[in-house]
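Trainee: here is a sequence with its predicted model. Questions after.
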Amino acid sequence: VLKHVCLDRHIGNRLLEEIDVANIQATVAEINEYFGSNQASEFNYTFDTDNVSFEETVASIASAVFCNAYRRGNVIKLKFERATEDSTLLFNHRNKLPGTETRTVRFGNQDDNDGVEYEWVDPEDDAIVTLYIPEDKSAVNPKKIESLGVRNYFQAFSHAWRIWNKIQFQHVATEFEATQEADILVLSDRILVADNTRPGTQDGEVISQNGLSLELSQEIVFDGGETYTIFIQHIDGSVESMPVSAGASSRFVTLSRAPKAPLALDDDFYARALYQIVGNSSKREQAFIMTEKQPQTNFTSAINAINYDFAYYMNDSLLLWIDGKLEDSSALEQALTLTGTPAVVSDYTRGNVIETSASERFNLPTSFVQPDSYTKAVWADNDVTDNQHFLRSVNEGFYLNYQDKFGASHNGTNLIAPLAYLPGTWRHYVVTYDADTTTMKLFVNGEKVAESSTMPQRTKTQLYGPSNYIGRTDDLRLFARALDEAEVKALYRKTL
């Protein structure tokens, strides 16, 4: 769609060489893989007015598929907004104009919105449908969105939940004027920003490198008992992070490993090797998403950004979501069949939860196509332990076993972690599997407890659960990708 809009002589009137077709195709593939569905990259709309500019048309198409359109020179490209631990640039006192930075901390939801009403078009009858969050329509002051080009429930669900999660978890905003390095930024890029509004920020330039030892432009203070991470900017503007410790003197530090790329130590480089050092207890607070960029005088740009939070994206890629009711609340809305009579009960700690005996479970449709890579997550309070599965098939497991083990399996190959049995205690269990690296990881309450890099791919058959499980479960999720360790920890914190 984007290609033809650009080439149409009545709309874009662009040349083929002014469109990065390879970038667009790769971005579409990334979107589909990330969400686990080709529906995420659909755009369906009839532009029936000539009162829309080419730029507005391109922006509308990009927005429908979770992207921002931008130019490098005169070539049009797409940038996909997604959960990521990678930052595009690092901003500190060396590339921010002095006195231009402000930070605003917000308490409560943005604009006091208490929900979302998201309108999309049902392709069956072209009727406008509203997706409500909360779904009981109890919001008094919802944020109302009229979408353009969204004509499937999967897309509408993903957009609506991103909007609602950003309303809930956006709590810090920053503004500053940046030097020419900011030219490479695209809206929704993840950036790192040192807080130069308060004294004591530890950032500057790398002066020299000798193996793992770096000489820095500023003195560094390491507090006893705290561990630290250094963020270093490379020649291309990308940012790498790694553990760091004190060096031979106050202006020297020692890296835990060699940087993945040479550091730009020469003044002739466009992006110098800037650094920021933060204690690990606070490093997540330094990440932001750029929401606005305006050119200023003297080749600078005014940057507006909001705090980055994985929680914005924690409803992305969901293929199954059992949360307080016996139905699938994910974008797929899969029709579950029940074996026995699992019940929805009220729990003092977690509200409405699912309670099952050994013979009770739900079954996913046999037509459901499982992803190669995945994440399974669940809150559970089990009454007994004896080979109890949360979500399984004939050839894969996700279970508690014999009072002292938590595990997962593929085709009979098990990954097991020791686990003390605590009856009457809710815990968060997660298994992730990366098919590309054959790596499986187990987590309890956000902490990794086991890992194997040699777990074979399983033979995929019908999923069901809980199986032989006596107790209560809540917020059972199946993602179409392997969440990384920071995302698992964030999922645990946000669903407590």
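Mentor: Thanks, I have the structure now. Residues are numbered from 1 along each chain as shown.

Trainee: phi and psi next, for Phe169.
Mentor: In this entry, Phe169 is assigned phi and psi values of phi -110, psi 10 (degrees, to the nearest 10).

Trainee: what is the burial count for it?
Mentor: By the measure other CB atoms under 10 Å, the count of residues near Phe169 is 19. Heads up, the C-betas are built off the backbone N, CA and C, glycines and all.

Trainee: residue contacts, it?
Mentor: Asn307, Asp309, Ala311, Tyr312, Lys494 (CB atoms under 8 Å, 6 or more residues apart in numbering).

Trainee: repeat that for 7 Å
Mentor: Contacts of Phe169 were listed using CB atoms under 7 Å, 6 or more residues apart in numbering, and they are Asp309, Ala311, Tyr312.

Trainee: could you find the closest non-adjacent residue to the most centrally placed residue in the chain?
Mentor: Centroid check for the chain by CA atoms, centre = their mean gives Ala83 as the closest residue, at 2.4 Å. On the basis of CB to CB, 6 or more residues apart in numbering, the spatially nearest residue to Ala83 that is not a chain neighbour turns out to be Tyr313, at 3.9 Å.

Trainee: quick check: phi and psi at that neighbour.
Mentor: Per degrees, to the nearest 10, the residue geometry at Tyr313, taken as phi and psi, is phi -110, psi 10.

Trainee: thinking it is in contact with Glu81, fair?
Mentor: No: shown here, Tyr313 and Glu81 do not form a contact pair, counting by CB atoms under 7 Å, at 8.6 Å.

Trainee: about what we covered before: give me the buried subset of the contacts of Phe169.
Mentor: Of all the contacts of Phe169 considered here, the ones buried according to neighbour count by 16 or more other CB atoms under 10 Å are Asp309, Ala311, Tyr312.

Trainee: from those, which land in helices?
Mentor: In helices, judged by DSSP state H, none of those are found.

Trainee: between those residues, which sits nearest Val431?
Mentor: Distance ranking of those against Val431, using CB to CB, places Ala311 first at 20.6 Å.

Trainee: dump the residue contacts of the closest one.
Mentor: Listed by CB under 7 Å, 6+ apart, the contact partners of Ala311 are Asn165, Phe169, Ala490, Lys494.

Trainee: quick one: it and Tyr70, what's the gap?
Mentor: Shown here: Ala311 relative to Tyr70, a distance of 26 Å by CB to CB, to the nearest Å.

Trainee: with Ala343 instead?
Mentor: Where Tyr70 is concerned, Ala343 sits at a distance of 51 Å (CB to CB).

Trainee: repeat that for Ser330.
Mentor: 31 Å.

Trainee: of those two, who's got more company?
Mentor: Ser330 (21 against 18).

Trainee: ok, that one touching Leu319?
Mentor: Yes: counting by CB under 7 Å, Ser330 sits close enough to Leu319 to count as a contact (6.0 Å).

Trainee: where along this structure do the helices fall?
Mentor: Counting by DSSP H, the segments of the chain that form helices are 2-7, 21-35, 54-64, 153-169, 485-494.

Trainee: hmm, which two among the contacts of Ala311 are most spread apart?
Mentor: Looking at those by CB to CB, the two members farthest from one another are Asn165 and Ala490, with 11.4 Å of separation.

Trainee: circling back: what is the nearest of the contacts of Phe169 to Phe406?
Mentor: Ala311 (24.8 Å).

Trainee: backbone dihedrals for the residue lying closest to Phe406 once chain neighbours are set aside, please?
Mentor: Using CB to CB, 6+ apart and skipping the chain neighbours, the partner closest in space to Phe406 is Leu419 (4.3 Å). Backbone torsions for Leu419, taken as degrees, to the nearest 10, come to phi -160, psi 120.

Trainee: which ones are touching Leu419?
Mentor: Applying CB under 7 Å, 6+ apart, the residues near Leu419 are Asp404, Lys405, Phe406, Val444.

Trainee: report pLDDT for Ala182.
Mentor: On pLDDT, Ala182 comes in at 93.

Trainee: show me the contacts for it.
Mentor: When contacts are counted by CB under 7 Å, 6+ apart, Ala182 is found next to Lys293, Ser301, Ile303.

Trainee: verify the stated contact: the last one with Thr179.
Mentor: No: using CB under 7 Å, Ile303 and Thr179 do not qualify as a contacting pair, with a distance of 10.6 Å.

Trainee: which residue of those two possesses the greater neighbour count?
Mentor: More neighbours surround Ile303 than the other of Ile303 and Thr179, with 26 against 15 (other CB under 10 Å).

Trainee: can you tell me which of the helices of the chain comes nearest to Asp111?
Mentor: In this view, these are compared for proximity to Asp111 by CB to CB, and helix 153-169 is the closest at 7.9 Å.

Trainee: same list, the buried ones among the contacts of Phe169, but as a markdown table with pLDDT and distance to Arg361 please.
Mentor: Listed next are these as a markdown table, based on pLDDT from 0 to 100; distance: CB to CB, whole Å:
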| residue | pLDDT | distance to Arg361 |
| --- | --- | --- |
| Asp309 | 93 | 34 |
| Ala311 | 92 | 30 |
| Tyr312 | 95 | 33 |
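
Trainee: contact partners of stretch 244-259?
Mentor: Outside stretch 244-259, the residues that touch it by CB under 7 Å, 6+ apart are 212-216, 219-220, 222, 228-230, 232, 240, 242-243, 277.

Trainee: how about stretch 52-67?
Mentor: 1-2, 5, 11-12, 27, 31, 40-41, 43, 47, 68-69, 76, 78-81, 148-150.

Trainee: can you give me the buried ones in that stretch?
Mentor: When burial is assessed from 16+ other CB under 10 Å, stretch 52-67 yields the following buried residues: Thr57, Val58, Ala59, Ser60, Ile61, Ala62, Ser63, Ala64, Val65, Phe66, Cys67.

Trainee: Glu175: how many residues sit nearby?
Mentor: Taking other CB under 10 Å as the definition, Glu175 ends up with a neighbour count of 14.

Trainee: next up, the contacts around it.
Mentor: Glu175 makes contact with Thr102, Ile303, Asn304, according to CB under 7 Å, 6+ apart.

Trainee: go on, Ala417?
Mentor: Under the criterion of CB under 7 Å, 6+ apart, the neighbours of Ala417 are Phe406, Gly407, Leu442, Val449, Ala450.

Trainee: I appreciate the help and will end here.
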